[in-house]
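>>> Make a model of this:
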Amino acid sequence: MAIKALSVLDGRYAKHTDELCKIFSEYGLIRHRVEVEIEWFKFILSDLKLSGPPPASLDKLDNILDNFDESDALEVKNIEKTTNHDVKAVEYFIKNRLANTELASKSEWVHFACTSDDINNISYALMLKKGKQIVEKALEGFISAIEKKALDYKACAMMSRTHGQPATPTTMGKEFVNYAWRLNQELDLISNTRVQAKINGATGNYNAHCFVFPEVDWISAGQRFLSSRLKLDPILFTTQINPNTSLAWILHSLIRSAAVVVDFDRDMWGYISIGYFKQNLKPGETGSSTMPHKVNPIDFENSEGNMGLVISMMEHMAVKLQKSRFQRDLSDSTVLRNMGSLLGYYLIGIKSAVRGIEKLTLDQTALFKDLDENLVLLAEPFQTVMRVFGEKNPYERLKEITRGKKTGQKELEEFVDKLENVPFPFKERMKGLTTRNYTGLAEQLVDFYFSRREDGSGE
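Numbering: from 1, shown residues only. Modelled structure (predicted):
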């Protein structure tokens, strides 16, 4: 950990975000720019053959990227001190590497007909593809942790709370499944969103391209370069910059999933608070600096805080990057550089929530205590039965004996005995009903969720 790091991403939480550093750091951005410039250079020479037959040594260009390291990135930064232009510095770096090689005479084809954002937007697209895979994997792991608890607690009856008040029983497993289902929807959207990019020149019209080579089908060539070589979805209709539509799709899915995580964190925090869950103790860990007895739900609190940052920052990025004055302004550039930070906060939030889940142990005794002390929950099924068999004023009569009162088993049985229209067999069923077994189809819904997951038909 860098003790003097300005950002928690590079300091306190560096171990949770390390896998993003090589992708989204300044080094990562420079390396991706080098990759795009080299791939475009190779495409111009080998696919379009604009300078005649492609050189036999073209594959040696890959060595520039394969051997690219931190010293090379620093060399680019030194060039930038003179150019005061980061993409131009990359162009000069590659040309310097081509000097004294058989490709030196071809070096002016580097960055051919490109505007800076042709290189930048493709670089960020490649970075986003890699970063997207990392957060997808983290989200999958989080969902799996939730699903495991759903199976473990499938039959564990608990009292629901609507408006914070006792309500119809459910099972803890069913409540976990609710979150897994919601998150899986967002994961599907994120996974199936293809990342877009453009390579169409200074204002999106291939002006320079077709002026010097009008015989080339530049629209087809650009699409081929992006889709075949880089596995990106080509965009044709742009200004100088990528409108960042696919990035916005991904960010908004991440925002929604982060909101679900916050909802989950708060519920877990609440369940711990009322004693439904105990937290596994870690030797040597301190809960409070002054209260030795405390075991705080810090992982869920950490997750909630970081996901709050994710939601606000990603919302700004998703909206900001779809706006540009006329055909281009530079206000998007500094925002895009924070893409890695946003995914970093997301990773921290997910990993914290997973740690919280791993510490949970269900206290079934506490769940039963709440259920047994709240027999008024049976007012719902009782008044429903009364409606079916034509009893007068069922809702009002049950409201009179249950609302704001501690109604016991004896009072409920006496109430059932006085019913005039309900058949005796159904009265026996009513007397046999308990808050522990009045869970509806909660268990079956858990099974149904997993059956749909197994057959791949979705939720």
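
>>> Now do the buried residues in stretch 258-270.
By neighbour count with 16 or more other Cβ atoms under 10 Å, stretch 258-270 contains the buried residues 258, 259, 260, 261, 262, 264, 265, 267, 268, 269. Every residue, glycine included, has its C-beta placed from N, CA and C.

>>> Quick check: chain neighbours aside, which residue is closest to the second one?
Among residues not flanking residue 259 along the chain, residue 311 sits closest, at 6.3 Å (Cβ to Cβ, 6 or more residues apart in numbering).

>>> quick one: buried residues of the helix or strand of the chain with the lowest mean pLDDT?
One helix or strand of the chain scores below all others by mean pLDDT, DSSP states H and E: helix 394-402, with a mean of 90. Using 16+ other Cβ under 10 Å as the burial criterion, the residues of helix 394-402 that qualify are 394, 397, 398, 402.

>>> And for stretch 449-457?
Result for stretch 449-457 [16+ other Cβ under 10 Å]: buried residues 449, 453.

>>> Backbone dihedrals for residue 86, please?
phi -70, psi -40 (degrees, to the nearest 10).

>>> thought it was touching residue 80?
Yes: Residue 86 is within contact range of residue 80, at 5.5 Å (criterion: Cβ atoms under 8 Å).

>>> Any chance you could list what contacts stretch 82-89?
With contact meaning Cβ atoms under 8 Å, 6 or more residues apart in numbering, stretch 82-89 is reached by 30, 33, 76, 77, 79, 80, 92, 111, 116, 119, 120.

>>> should've said stretch 394-410
So stretch 394-410 is contacted by 373, 375, 376, 379, 382, 383, 384, 386, 387, 391, 411, 415 (Cβ under 8 Å, 6+ apart).

>>> redo that, cut-off 6 Å
Stretch 394-410 is touched from outside by 375, 376, 379, 382, 383, 386, 387, with contacts defined as Cβ atoms under 6 Å, 6 or more residues apart in numbering.

>>> Restricting to C-alpha, output it in CSV.
The C-alpha trace of stretch 394-410 is given here as CSV (Å, rounded to 0.1, in the frame of the first residue of the first chain):
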residue,chain,number,x,y,z
PRO,A,394,-64.1,-10.5,7.6
TYR,A,395,-61.5,-7.8,7.4
GLU,A,396,-63.1,-5.5,10.0
ARG,A,397,-63.7,-8.4,12.5
LEU,A,398,-60.1,-9.5,12.3
LYS,A,399,-58.9,-5.9,12.5
GLU,A,400,-60.8,-5.5,15.7
ILE,A,401,-59.0,-8.4,17.5
THR,A,402,-55.5,-8.0,16.0
ARG,A,403,-54.6,-4.4,15.1
GLY,A,404,-52.2,-3.0,17.7
LYS,A,405,-52.8,-6.1,20.0
LYS,A,406,-50.8,-9.2,21.0
THR,A,407,-53.3,-11.8,19.9
GLY,A,408,-52.5,-15.3,21.1
GLN,A,409,-53.3,-18.8,19.9
LYS,A,410,-56.2,-19.1,22.3
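
>>> Would you pull up how far it lies from the middle of the chain?
Mean C-alpha position of stretch 394-410 versus that of the full chain (Cα atoms, centre = their mean, to the nearest Å) differs by 45 Å.

>>> again with stretch 51-69
Relative to its chain's centre, stretch 51-69 lies at 37 Å (Cα atoms, centre = their mean).

>>> likewise stretch 267-281?
In terms of Cα atoms, centre = their mean, the centre of stretch 267-281 is found 25 Å from the chain centre.

>>> Now do the buried residues in that stretch.
By 16+ other Cβ under 10 Å, the buried positions in stretch 267-281 come out as 267, 268, 269, 271, 272, 276, 277, 279.

>>> Run a quick neighbour tally on residue 144.
Using other Cβ atoms under 10 Å, residue 144 has 11 other residues around it.

>>> wait, residue 420
9.

>>> Excluding chain neighbours, what is closest to residue 172?
Leaving aside its chain neighbours, residue 172 sits nearest to residue 153 (3.8 Å; criterion: Cβ to Cβ, 6+ apart).

>>> Tell me who's in contact with the one you found.
Contacts of residue 153 by Cβ under 6 Å, 6+ apart are 172, 173, 362.

>>> I'm done for today, thanks for sticking with me.
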